[in-house]
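S.K.: predicted model and sequence below, questions to follow.
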Amino acid sequence: MLALLRSLQARELRLMTGAIITFSIIDLAGAAAIFTLLYMVFGVVNGTITHNTIGSYWLGLAVLLFIQAGATTLGDLISHEAGYSLVGRLRESIALRLQQFSLAFYTKEQLGEVSSVVHKDVDTMEMVVAHLWTRMFANILVSIILGSYLFYTHWQLALVMAAGVSLALAVLIAGTRRRQQAHAVNRADNIVMLGYFLEFVKGMPILKSYKKNDLLQRRLNAAVKQFELSSTRLANAVALVLGHYFGWLEISLALVVTGGAYFVLGNELTVVEFILFVVMSKEFLKPFFAAESYYLNYIVVTNSYQRIQRIMTSPVLPDTGSKGFPASSDITFENISFAYDRQNNREALSKINISLPAGSMTALVGPSGSGKTTLTNLLLRFYDPDDGHIRIGGVDIRDIPYDTLLSHITVVMQDTFLFSGAIYENLLMGNQEAIETQVIIAAQQAMIHEEIMALPADYNTVIGEGGAGLSGGQRQRLAIARAILKGAEIIILDEATSNIDPINEHCIQQAISNLARNRTVLVIAHHLRTIKNADQIIVLENGVVVEAGNHTTLLGNGQLYAALWNAQGRDIKNINLENSRRMDLSKQGSTA
Ligand SMILES: Nc1ncnc2c1ncn2[C@@H]1O[C@H](COP(=O)(O)OP(=O)(O)OP(=O)(O)O)[C@@H](O)[C@H]1O
């Protein structure tokens, strides 16, 4: 809680303090109103109130109610202002931080996490810190004032109550540990159950085709039962602790009443003082009765704060480069080594040396997990290499500001992202300054213009999120048109693995040729026939370059590339390389 409070800005703290004082005034005015009412009742009973004096009681009450109403409005206004300031600042600092992360941060899981933090957790912080905590601190402050009053009125009776409250608190603290354990078990059971539910739903098509196999169903049922069990245990633990706690609070009140009666009988306390003491004790105990909800709010806000902190303290990409983008776009990978997990030291890439001349096309080929994506990710600075240098035009990419680097590289991925909106707007993402003719020329070069013109509102046709309503091939060609408009010197192309019909594939090939013209292109190739004409082909296996050359040379080498080529009728990711290589070598042997 302290870390959280320390993270608040001076203005927010000032506003919150203002809200706490205002909410305290509401409670104190309420207590004073009860006081006034009770004195009025006593006055009527004792006959000390006359028609002349009753007016001053009414006036006093009216003033107190007026103060309460005014303070309520003011308190709400101030706490809202504190809340909005907090929310605004948190969202701004998260947005600022997000710009500093490398693209590697933006995995699908992270995006889900970030959007939930920005939406839910920030709102929770606003609700709890600005609204509930201000009321909680006000309650506590008022409780301290009333407690002092009670001690001042009759310290012996106040001590009796303090003893009861201390016992209640001891019970609550002792029970909290047990309850936290039950909570942790319940949370773990919930995660397991949700995981099985997800697996069950995802695997439904398979399950339906294996009707007799009820393994997943049984596993899910067991997890549901386990969750039910731990939920009951948790509820029991909570009920037990709270039951005892509230019980002791009530007992402390009962002790005050009996003790007070004893003191009244001993003429140490007047009846009026006694009644006032009991009523004020009830007010004093209010925050203690609300301790449960304070605790829950505390847990909720701590979790939200931790999630926000996780984003705010995630490592950012060092972006200290100050050199301009070089004139030449030739790329060199010099002695590059990289491991995702440096601790286990399993290198995804090892001592890679490749040179991509400006304006040429280089294809990366290799079995699944050989390091193709990792290599392109290093060029995009998703990560920095552990060893070696990547240079563009002779300049280490770490010396180029990250935004500048990214503005000179275009990535065309398999799963193209299109925003919901008009096709024209989607294309303009490539270059906001482009004029209509440029957009149309780009679409023509990307072989998509005719199809756009055939749509109901041609370029103004609105497409759904992720490009729904367009085929995979059309989406990819739109992305190529966008890339053409961007005009970056370097293109990274993750060639499609999905099956696309021959006409679409032909169009995509043509669009890629147009995009690649005069640019330095790095293609992650899944279908070898599409990169047959690449200027050079780099063959990776287990993170090392095992072959390099053009199609004819590599085929002539009769090594891994030849094996992949001969097996290309099948999915190259799934072939057994060793078998294919052996097949290929034996074929060579038989022809020799
Ligand atoms: N984010 C990551 N964290 C840890 N290891 C990773 C990560 N991404 C990839 N790897 C590992 O690095 C190695 C190279 O993976 P990479 O994705 O570069 O291969 P690839 O050749 O692109 O494979 P594919 O053709 O299947 O896409 C693999 O062993 C992979 O398991």
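M.R.: Done, it's in. No experiment lies behind these values; they were computed from the predicted model shown.
S.K.: stretch 337-349 near the ligand at all?
M.R.: Yes - Stretch 337-349 lies within reach of the ligand by CB under 6 Å from any ligand atom, at 340, 348. C-betas here are computed from N, CA, C, even on glycine.
S.K.: then stretch 379-390?
M.R.: No - Stretch 379-390 is not in contact with the ligand by CB under 6 Å from any ligand atom; minimum separation 8.7 Å.
S.K.: do the same with stretch 85-103
M.R.: No - for a cut-off given as CB under 6 Å from any ligand atom, stretch 85-103 has no contacts with the ligand; the smallest distance is 12.1 Å.
S.K.: ok, residues contacting that stretch?
M.R.: With contact meaning CB atoms under 8 Å, 6 or more residues apart in numbering, stretch 85-103 is reached by 8-9, 11-12, 15, 105, 114, 117-118, 122-123, 125-126, 129-130, 308, 311-312, 314, 316-317, 319, 377, 380-383, 402, 406.
S.K.: narrow these to those that are buried.
M.R.: Listed as buried from those are 8, 12, 15, 105, 114, 117-118, 122, 125-126, 129-130, 308, 311, 317, 319, 377, 380-383, 402, 406; burial here means 16 or more other CB atoms under 10 Å.
S.K.: show the end-to-end separation of stretch 342-362, please.
M.R.: End-to-end span of stretch 342-362 (CA to CA, to the nearest Å): 29 Å.
S.K.: just how off-centre is it within its chain?
M.R.: The chain centre lies 31 Å from the centre of stretch 342-362; the measure is CA atoms, centre = their mean, to the nearest Å.
S.K.: re the thing from before, among the buried ones among the contacts of stretch 85-103, which ones are in helices?
M.R.: Of the buried ones among the contacts of stretch 85-103, the ones assigned to helices by DSSP state H are 12, 15, 114, 122, 125, 308, 311, 377, 402, 406.
S.K.: so, low pLDDT: which residues of the stretch 451-592 of the chain?
M.R.: Within the stretch 451-592 of the chain, the segments meeting pLDDT under 70 span 464-468, 496-502, 569-592.
S.K.: I meant the chain, not that one.
M.R.: Low-confidence segments of the chain (pLDDT under 70): 1-3, 102-111, 205-213, 414-416, 464-468, 496-502, 569-592.
S.K.: domain assignment for this structure?
M.R.: Domains of the chain are assigned by automatic domain parsing as 1-150+291-316, 155-268.
S.K.: let's have those domains in a markdown table, adding distance to residue 483.
M.R.: Listed next are the domains of the chain as a markdown table, based on distance: least, CB to CB, whole Å:
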| stretch | distance to residue 483 |
| --- | --- |
| domain 1-150+291-316 | 16 |
| domain 155-268 | 33 |
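S.K.: of these, which is nearest residue 528?
M.R.: Of all the domains of the chain, domain 1-150+291-316 sits nearest to residue 528, with 27.8 Å by CB to CB.
S.K.: can you show me the strands along this structure?
M.R.: In the chain, the strands defined using DSSP state E lie at 331-338, 349-356, 361-365, 387-392, 395-396, 409-412, 421-422, 462-463, 490-494, 520-524, 536-541, 544-549.
S.K.: helices or strands up against the last one?
M.R.: This means strand 544-549. Applying 3 or more CB pairs under 8 Å, 6 or more residues apart in numbering; DSSP states H and E, we find strand 544-549 packed against strand 349-356, strand 536-541, helix 551-557, helix 560-566.
S.K.: output the ones you listed as a markdown table; include the columns mean neighbour count.
M.R.: As requested, those are exported to a markdown table (neighbours: other CB atoms under 10 Å):
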| stretch | mean neighbour count |
| --- | --- |
| strand 349-356 | 19 |
| strand 536-541 | 22 |
| helix 551-557 | 15 |
| helix 560-566 | 21 |
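S.K.: re earlier: farthest pair within the ones in helices among the buried ones among the contacts of stretch 85-103?
M.R.: Checking these with CB to CB, the most distant pair is 15 and 377, at 44.8 Å.
S.K.: doesn't residue 449 make contact with residue 440?
M.R.: Yes - with contacts defined as CB atoms under 8 Å, residue 440 counts as touching residue 449 at a distance of 6.3 Å.
S.K.: name the residues that touch stretch 274-290?
M.R.: With contact meaning CB under 8 Å, 6+ apart, stretch 274-290 is reached by 27, 30-31, 34-35, 38, 42, 136, 139-140, 142-143, 146-147, 149-150, 153-154, 157, 161, 165, 168-169, 246, 249, 252-253, 256-257, 260-261, 263-264, 269, 294.
S.K.: near the ligand, which residues of the chain show up?
M.R.: Residues of the chain lying close to the ligand by CB under 6 Å from any ligand atom are 340, 348, 366, 368, 369, 370, 371, 372, 373, 374.
S.K.: residues near the first one, how many?
M.R.: If I follow you right, that is residue 340. By other CB atoms under 10 Å, the residues close to residue 340 number 12.
S.K.: so that it lines up with my notes, have the first residue be 129 from now on.
M.R.: Understood, numbering begins at 129; the last thing we discussed is residue 468.
S.K.: wait, it touches residue 476, no?
M.R.: Yes - between residue 468 and residue 476 there is a contact under CB under 8 Å: 5.7 Å.
S.K.: between these two, what contacts are shared?
M.R.: Shared contacts of residue 468 and residue 476, defined by CB under 8 Å, 6+ apart, comprise residue 502.
S.K.: emit the ChimeraX select command for whichever of the contacts of stretch 402-418 are buried.
M.R.: Command for ChimeraX, covering only those of the contacts of stretch 402-418 found buried under the criterion 16+ other CB under 10 Å:
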select :155,158,159,162,170,264,267,268,270,271,274,275,277,278,282,285,289,293,296,374,377,380,381,384,388,391,392,397,422
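S.K.: okay, and which of the contacts of stretch 402-418 map to helices?
M.R.: If you go by DSSP H, the contacts of stretch 402-418 have 155, 158-159, 162-163, 166, 170, 264, 267-268, 270-271, 274-275, 277-278, 281, 285, 289, 293, 296-297, 374, 377, 380-381, 384-385, 388-389, 391-392, 422 in helices.
S.K.: where's stretch 423-440 relative to the chain centroid, distance-wise?
M.R.: From the chain centre to the centre of stretch 423-440 is a distance of 12 Å (CA atoms, centre = their mean).
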